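From the sequence below, what's the structure:
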Amino acid sequence: MKEIKFDEIAEGELEVIDLKDNFLATGLAPLEDIFYSNDILRKPKIQPLNVEIEDCNIGIEQKPKMIKLSKALPLDQKLKYIELFK
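Numbering: from 1, shown residues only. Presented below is the predicted three-dimensional model:
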């Protein structure tokens, strides 16, 4: 058996073997689908600037149906959203 040093590449190891039964488990994706070649995310998560929200009940007290609305919305727009969701 031949010893291989850490920085040495074994002969024939440069090729990627694509087998028919070579698949990713459910929920996993190849890194090429997630990142560009310069390690930047393809679809970065966008965080809202204003995270202040309030709960609004669009149901009745016996059967509440809570929705979350931004505190930054003007009152007339909040009322429109509440009517829309009812």
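
Nearest residue to residue 66 in space, ignoring adjacent ones along the chain?
The shortest distance from residue 66 to any non-neighbouring residue, by Cβ to Cβ, 6 or more residues apart in numbering, is to residue 55 (5.0 Å). Using the backbone N, CA and C atoms, a C-beta is placed for each residue, glycine as well.

Report the next helix or strand after the helix or strand containing the one you found in sequence order.
With secondary structure defined by DSSP states H and E, residue 55 is part of strand 53-57. Once the chain leaves strand 53-57, the next helix or strand it forms, by DSSP H and E, is strand 66-70.

just to revisit the earlier point, which strands or helices does the strand holding residue 55 pack on?
For strand 53-57, the elements it packs on are strand 66-70, judged by 3 or more Cβ pairs under 8 Å, 6 or more residues apart in numbering; DSSP states H and E.

which residues of the protein score low on pLDDT?
For the chain, the stretches with pLDDT under 70 are 1-26, 48, 50.

for it, what spans make up the helices?
31-34, 75-85 (DSSP state H).

list the buried ones in the last one?
Buried residues in helix 75-85, counted by 16 or more other Cβ atoms under 10 Å: none are found.

Contacts for it next, please.
Contacts to helix 75-85, defined as Cβ atoms under 8 Å, 6 or more residues apart in numbering, come from residues 56, 58, 67, 69, 73.

Make TSV out of these and add distance to residue 32.
Formatted as TSV, the contacts of helix 75-85 follow (distance: Cβ to Cβ, whole Å):
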residue	distance to residue 32
56	43
58	44
67	39
69	39
73	40
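
are any of those buried, and which?
residue 67.

Just name the closest of the contacts of helix 75-85 to residue 29, please.
Using Cβ to Cβ, residue 67 is the member of those that lies nearest residue 29, at 32.3 Å.
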